[in-house]
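1. heads up, no residue letters with this:
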């Protein structure tokens, strides 16, 4: 929360990736969303601001984490990331491409 405004592209991608990797049940996820909704919304907004500065790896990490987290308010941000990723797919390594494709499946 304290350092969110100073997050760069790598910090943003890491935050989404780590949250997405946290295995939570539906009930735990709902509680997390209630407790941290304001922080998550700030991260969504910050992510939208840094999208043009994200590299292929950061796009892949962000998409994968958001998809795993299933935070509905991030849906528009996912579309924005998809628009950024599409013309740059040649920059993605195999794992990043697979994770990004999974996130949009």
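-> Cool, the structure landed. The model shown is predicted, which means the values in this text are computed figures rather than measured ones.

2. same for the worst-scoring helix or strand of the chain on mean pLDDT, what does it pack against?
-> Across the helices and strands of the chain, the lowest-confidence element by mean pLDDT, DSSP states H and E is helix 26-50, at a mean of 86. Under the contact definition 3 or more Cβ pairs under 8 Å, 6 or more residues apart in numbering; DSSP states H and E, helix 26-50 sits against helix 9-21, helix 75-85. From N, CA and C alone the C-beta is placed, and that goes for glycine too.

3. right, and those - which one's nearest residue 68?
-> Closest approach to residue 68 among those (Cβ to Cβ): helix 9-21, 3.4 Å.

4. outside of the closest one, which residues touch it?
-> Outside helix 9-21, the residues that touch it by Cβ atoms under 8 Å, 6 or more residues apart in numbering are 3, 7, 43, 46-47, 50, 53-55, 57-59, 61-62, 64-69.

5. with that, I have no additional questions.
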